[in-house]
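> need the 3D shape of this:
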Amino acid sequence: MKRIFQLVGLIAIALLSGVAAAQPAVNRAGVVVRFGNGEVVTACVEFSEPSISGLELLERSGLPVISQQSSIGAAVCKIGREGCDYPATSCFCARDQQGRAVYWAFYRREAGGWRYSNLGASSVRVSDGDLHGWAWGPGDASGGAVPPHLELADVCRSEAAEAATIAPTATAAPTTTPPPAATAAPTATPPPATGTAGQWLGFAALAALLIGGIVVAATNQRMRGTN
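Numbers count the residues shown, from 1 in each chain. Take a look at the predicted model:
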């Protein structure tokens, strides 16, 4: 009987190890969006893939996005309520009083500052800990309006800080810092849940079958011993 219980323990350890290995790693990246009126929306996006594109990061922030594909990657035409309604209009339909293009400038946070990206968002890879910025305003091919100076820690709170929060917030929900009379920012739709529940049920069923077989074998062995 002692050997049987030892065997049951080993099987349980193996099953728990398999469940732990089946859980995907959670990566985090942040998005900072500054609208033309000064309103700022931030979002912390979680993803299980090793990396995603900059366009996917923006789309998963919960803000409505319209983009146009090009040879250097996707150009973002509209975020939320601001921008151009491509393909009904040109992706760069807006102009200021001086005739300069008004568009969504794209940045990556590097070494404590914003670095303007000459590549479209779909051509830029996002890994755990990255921070992207978008700003609506006049500019040219060398630069445009600049997002506010925020770091990833300002956008994605640490797990310890989240545990200390009495009312937890939803993953990937944009946080808005409105100017006077600004409209409310859209809320985020978290990415679809993975099949974690199905994995747990599969392991539980396998464990039940194995343990049940062991118990039956042990009972039979004891009955033979009494006979």
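> which secondary structure state does the residue nearest to residue 26 when sequence neighbours are not counted sit in?
Spatially, and ignoring its direct neighbours in sequence, residue 26 is nearest to residue 46 (5.4 Å; Cβ to Cβ, 6 or more residues apart in numbering). Just so you know, the C-beta spots here come from the backbone N, C-alpha and C atoms, and that holds for glycine as well. Here residue 46 is recorded as strand under DSSP: H, G, I helix; E, B strand; the rest coil.
> which regions of the protein sit below the pLDDT cut-off?
Applying pLDDT under 70 to the chain flags the ranges 1-24, 158-227.
> next, count neighbours for the residue nearest to residue 26.
15 (other Cβ atoms under 10 Å).
> ditto for residue 148
14.
> with the one 5 residues further on instead?
For residue 153, the count of nearby residues is 11 (other Cβ under 10 Å).
> that one and residue 109, how far apart?
11 Å (Cβ to Cβ, to the nearest Å).
> circling back to that earlier point, would you mind measuring from the residue nearest to residue 26 to residue 107?
Taking Cβ to Cβ, one finds residue 46 at 21 Å from residue 107.
> cool, and residue 82?
17 Å.
> residue 29 too?
With Cβ to Cβ as the criterion, residue 29 and residue 107 are 14 Å apart.
> who's more crowded, those two?
residue 29 (26 against 21).
> where's the closest residue to residue 135 other than its chain neighbours, which helix or strand?
Nearest non-adjacent residue to residue 135, counting by Cβ to Cβ, 6+ apart: residue 145, 3.8 Å away. Residue 145 belongs to no helix or strand when elements are defined using DSSP states H and E.
> next, count neighbours for residue 145.
18.
> that one against residue 136, yeah?
Yes. Using Cβ atoms under 8 Å, residue 145 is in contact with residue 136, at 6.1 Å.
> joint contacts of the two?
Common contacts of residue 145 and residue 136 (Cβ atoms under 8 Å, 6 or more residues apart in numbering): 34, 36, 105.
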